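Engineer: Dropping a prediction and its sequence here:
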Amino acid sequence: MEIRELFMDEQPPMHLLLLADPSRELVEEYLGSGTCFVAVTDERMIGVYVLLQKGPKLVEIMNIAVDERHHGRGIGRQLIEHAIGHAREQGYKTIEIGTGNSGIGQIALYQKCGFRITGVDRDFFNRNYAEAIYENGIQCQDMIRLSQSLD
């Protein structure tokens, strides 16, 4: 498997991008202003993420997704590590990620990769982990944000 930037003449893997954010309009907005990276194996796109510049020293990882037939193979972690490395190479000082539609396992993976909770009180998060993540079985969009210093 290789992770590479999506070429300008290639169609983005919308079926994967929409797994992370079901709003096609928002995804197209991210693609228009961000840089899309794909995990490719045997000429098939099996994973994706978008890096979106949010400031001179701040970048956000958007729409991390892995084809469900390839779950459990560490592809998501490789995508996150690639994003961190690329952001560092480009001189960004902070990288953020919104929880979006991620499950608890995905958030745990982000934390293992060095992201720390921001945007909500840490005590509230510790006391109300399930409630902070889920409301009626569906995760609250951007209820929790995580960030990482690249210094």
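Structural biologist: Thanks, I have the structure now.
Engineer: how about the helices in this protein?
Structural biologist: With DSSP state H as the criterion, the chain has helices at 14-20, 24-33, 75-89, 104-112, 122-127, 129-133.
Engineer: burial count for residue 51?
Structural biologist: Other residues near residue 51 come to 22 when the count uses other CB atoms under 10 Å. In short, each C-beta sits where N, CA and C put it, glycine included.
Engineer: Over to residue 15?
Structural biologist: Neighbours of residue 15 (other CB under 10 Å): 11.
Engineer: re earlier: export the helices of the chain as CSV, with columns for distance to residue 5 and mean pLDDT.
Structural biologist: Formatted as CSV, the helices of the chain follow (distance: least, CB to CB, whole Å; pLDDT from 0 to 100):
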stretch, distance to residue 5, mean pLDDT
helix 14-20, 15, 86
helix 24-33, 12, 88
helix 75-89, 9, 93
helix 104-112, 22, 79
helix 122-127, 34, 56
helix 129-133, 32, 49
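Engineer: Alright, calling it a day.
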